[in-house]
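In: Provided below for reference: sequence and predicted model.
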Amino acid sequence: MNFDYSDDQKFLKSEARKFLDARATAKVNRAVLDDPTKSYDPDLWKAVAEMGWLGTAIPEAHGGLGLGHVELCAIAEELGRVVAPIPFASTVYFFAEALMLAGSDAQKADLLPKIAAGELIGCFATSEGPGAVTADRLSCTVDGGKLSGVKIPVTDGDIAHKAVVLASEGGKPSLFIVDLAGVARETLKTLDPSRSAAKLTFASAPAERLGGVGEGIALMEAVFDRAAVLIAFEQVGGADKCLEMAKEYALGRYAFGRTIAGYQAIKHKLADIYVKNELARSNAYYGAWALNTSASELPIAASAARIAGSEAFWFAAKENVQTHGGMGFTWAVDCHLYYRRAKQLGLVAGASRSWKERLVSQLERRNAA
Amino acid sequence: MDFNDTTEEAAFRSEARTWLEANAPKVNLSGKPEAELLKLAKAWQAKKAEARYACITWPKALGGRGGTPIQQVIFSQEEGKVGAPRGFFDIGLGMCIPTLMAFSDDATKERFVGPAVRGEEIWCQLFSEPSAGSDVAGLRTKAVRDGDDWVINGQKVWTSGAHYCDFGIVLVRTDPDVPKHKGLTMFWIDMKDPGVTVKPIHQMSGGSNFNEVYFENVRVTDSQRLGPVGDGWKVALVTLMNERLAVGGATGPNYPELLSLARSTPSGDSSALEDAAFREKLADWYVQAEGLKLTRFRSITALSRGQTPGPEASIGKIVSANQLQAMSTEAMEVLDQYGIISDPELAPLEAGFQQSVMWSAGLRIAGGTDEILKNIIAERVLGLPGDVRVDKDVAFKDMPTGL
């Protein structure tokens, strides 16, 4: 049994923590959060690119480090811990994963090295309005290699160079790579301004198909599976940080003559957070294993990782605010950075409601087989 | 990251499997009365001890194998697959004998360790009392010194297996004039002593898995004392250190059985499995149940690497007991009015969910209540302070009792 990070992976993770503790402080997040003209922190992005992290799972032949997805998960956990204000998830978990999953040799050779080098910010554009996107409701279309329609919200859509877009061509949903240079974009006001999002309006934008005709929905789901596992690690990292914050605050806060960390109302709350975090970590590890080995269990493993990760991070984030009492509700205390990010991560790859339905459908098939 | 054995582990697994295939009793255990199960279990334990599979991590001199914790895990996994009769010796070998080994003289060890390993003698643990459960150090069974002997009077409760046990370790009060933790002493006793009376407890679930044990002028020699007089609490902590390993998580129907039940139960124009609210809950339980299984894999990984498992193992019972209660409740909901029927001939799964809805209420209490387990996580894992205590500096006899 070898169901944990290896020593090398632990070393990578601890180096990542040291680096991020120094470079990705809450001040860095707040600089983006507090400034409506800033969509991300370009300096941190550049530093992360120089560390080689963007190419962690990209093969060496395409300019990456050629490590693997477990290593990428380790880095994701650390990025989640510091609520990093950079387009890492959009570029690496979605855009690069979509390319590695469905790209032609030429597409990979063209784009993966640019991602690894930090020259290309990517995004993944599927949502078109309220409710989860389906083939029937898809309104973006491609005609003669030109894409038209509206995508909203697209995380990092306002700063990305290229997007992978779900659109319908001849009535069949497919994925397309679109250069965003000439596309109209409007930054949106969202719950977590430390991660920007945009409305993209395509008007006959040149589009190059990614993957097979009519494979759009299946590919989108497969990309979501991969991203869900990686995001689950960001969620676990964020949830663990919330538990630490709540613990530290409670130990230092005195009420009724003693530290509030000694009252069962607080102790049991923190124990509940711990339990959820551990379940989320275990499910995330299983997702990492399935992703790293391209196991047929990936859709089920990813669903479980996503459901547990979203639940744990949200619970930890909201109870962290609660433990901080009135201070937790102020802008000055960092609790809300995690409260915001928990919601952002919990929705960016689709809501838990949809994942639970997907999970049960798969269990039904497995149970019937 | 993978789920594979190392080369050495694979070799041990294959060796264990070969031995189990050749030696495990091929009997159907379901529905057999306890006396018969006990006989089968004793025979099986003796066979395991002979082949040095009984206490794998113990030194060879004590009847063990001198093996590693991961070998113990591997053997238990393989033993579970062949459905061998076991469970009777877990408390004795997991808690009582290790306490004896830590605190008794060589003659006592010589006398008792071997027969326990071979399953010839079974041990129970006598700590809890009617007015000392979560706060076990508040116990009142007392031992009074009489020459070279001690005389024990009082009552214990929730003692698993007392009715078939030969010996037990008992925690008693030897000094009521000092604060409660300081006046305790541990002894080993003969459960067949005429002064010991065992009465089964009739549980709300209908069964009787535990006992009350009464002591009436039970005389023990001072040589039966384990650890110094007044040091019983420290001795008990050594015993309890092993409890989390001995008391496992919930067993009973799980999400696959619930899924099957919902599939085969009509609801509206379709089955209960089509109900969106049901599906959402099922997904949550899958995630929890798998999360627990995978958390165990993380602990096993630590053993495999020669490390001590992390504190994540402490979440097992609290999650599984609550989940069993919640899933069983949902099963009743799925069955609608029919859910109330607990007749195994009529209710699906031989009334497994109906039994679990009753049993799970006890599981949330046994081996540490939900509330105590949360305190343990908060204090030992997260390092938070202990609760406010008003009994630390008060002599036991002056403490309020509510009686």
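Out: Great, that's in hand. Numbers count the residues shown, from 1 in each chain, chains lettered A, B, ... in the order given.

In: so what's residue B:232 up against?
Out: B:171, B:172, B:174, B:184, B:185, B:186 (CB atoms under 8 Å, 6 or more residues apart in numbering or on different chains). Yep, even glycine has a C-beta here, placed from its N, CA and C like the rest.

In: With adjacent residues omitted, what lies nearest to it?
Out: Distances taken as CB to CB, 6 or more residues apart in numbering or on different chains place residue B:184 nearest to residue B:232, at 3.3 Å, with adjacent residues excluded.

In: Does the one you found touch residue B:234 like I think?
Out: No: taking CB atoms under 8 Å as the definition, residue B:184 is not a contact partner of residue B:234, at 9.0 Å.

In: Compare these two and say which one has the larger neighbour count.
Out: residue B:184 (28 against 14; other CB atoms under 10 Å in any protein chain shown).

In: so that one bridges to which residues?
Out: residue B:173 (DSSP bridges).

In: And the pLDDT for it?
Out: pLDDT, residue B:184: 98.

In: In contact with it, which residues?
Out: By CB under 8 Å, 6+ apart, the contact set of residue B:184 is B:137, B:139, B:171, B:172, B:173, B:174, B:230, B:231, B:232, B:233, B:236.

In: and the fifth one, how far is that from chain A?
Out: This means residue B:173. 27 Å (CB to the nearest CB, to the nearest Å).

In: again with the second one
Out: Counting by CB to the nearest CB, the gap from residue B:139 to chain A is 23 Å.

In: How about the last one?
Out: Using CB to the nearest CB, residue B:236 is found at 23 Å from chain A.

In: That residue - nearest residue in space that isn't next to it in sequence?
Out: Here the residue nearest residue B:236, using CB to CB, 6+ apart, is residue B:171, at 5.3 Å.

In: In a strand, that neighbour, correct?
Out: Yes: using DSSP: H, G, I helix; E, B strand; the rest coil, the assignment for residue B:171 is a strand.

In: burial measure for it, as a count.
Out: The tally of other residues near residue B:171 (other CB under 10 Å) stands at 26.

In: got it, and residue B:350?
Out: Residue neighbour count, defined by other CB under 10 Å, stands at 12 for residue B:350.

In: mind checking the SS state of it?
Out: Going by three-state DSSP: residue B:350 is helix.

In: Tell me the backbone dihedrals of residue A:59, please.
Out: Residue A:59 adopts backbone torsions of phi -60, psi 150, taken as degrees, to the nearest 10.

In: Equivalent analysis for residue B:214, please.
Out: phi -100, psi 140.

In: Which of the three states applies to the closest residue to residue A:327 other than its chain neighbours?
Out: For residue A:327, ignoring the flanking residues on the chain, the nearest one in space by CB to CB, 6+ apart is residue A:333 at 5.1 Å. Under three-state DSSP, residue A:333 falls in the coil class.

In: Identify the nearest residue to residue B:12 in space, disregarding sequence-adjacent positions?
Out: Nearest residue to residue B:12 in three dimensions, chain neighbours excluded: residue B:71, at 5.4 Å (CB to CB, 6+ apart).

In: From residue B:88, how far off is that neighbour?
Out: Residue B:71 sits 22 Å away from residue B:88, going by CB to CB, to the nearest Å.

In: do the same with residue B:186
Out: Per CB to CB, residue B:186 is found 23 Å from residue B:88.

In: Comparing these two, which residue is more hemmed in?
Out: residue B:186 (29 against 22).

In: Are we agreed that the more buried one is in a helix?
Out: No: read with three-state DSSP, residue B:186 is strand and lies in no helix.

In: hmm, back to that, was I right about the residue nearest to residue B:236 contacting residue B:140?
Out: No: between residue B:171 and residue B:140 there is no contact under CB under 8 Å: 11.0 Å.

In: Just the element for residue 110, please.
Out: No chain specified, so I'll use chain A. Element membership for residue A:110, per DSSP states H and E: helix A:105-116.

In: not what I meant, chain B
Out: Going by DSSP H and E, residue B:110 is in helix B:106-117.

In: residues making contact with that helix?
Out: By CB under 8 Å, 6+ apart, helix B:106-117 touches B:45, B:49, B:54-55, B:58, B:62-64, B:89, B:92-93, B:96-97, B:100-101, B:104, B:121-123, B:167, B:188, B:223.

In: Could you identify the buried members of the residues you listed?
Out: Buried members of the contacts of helix B:106-117, counted by 16 or more other CB atoms under 10 Å in any protein chain shown: B:45, B:49, B:54-55, B:58, B:62-64, B:89, B:92-93, B:96-97, B:100-101, B:104, B:121-123, B:167, B:188.

In: could I get the strand ranked longest in chain A in CSV with only the CA atoms?
Out: Taking DSSP state E as the criterion, chain A has its longest strand at strand A:197-210. What follows is strand A:197-210, C-alpha atoms only, in CSV (Å, rounded to 0.1, in the frame of the first residue of the first chain):
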residue,chain,number,x,y,z
ALA,A,197,-14.0,36.3,-14.6
ALA,A,198,-15.4,37.8,-17.8
LYS,A,199,-18.2,37.8,-20.2
LEU,A,200,-16.9,36.9,-23.7
THR,A,201,-18.8,37.9,-26.8
PHE,A,202,-17.6,36.1,-29.9
ALA,A,203,-18.5,37.6,-33.3
SER,A,204,-17.2,35.3,-36.0
ALA,A,205,-13.9,34.6,-34.1
PRO,A,206,-11.6,32.2,-35.9
ALA,A,207,-12.0,28.8,-34.1
GLU,A,208,-9.9,25.7,-34.5
ARG,A,209,-11.5,22.4,-33.4
LEU,A,210,-10.0,20.5,-30.4
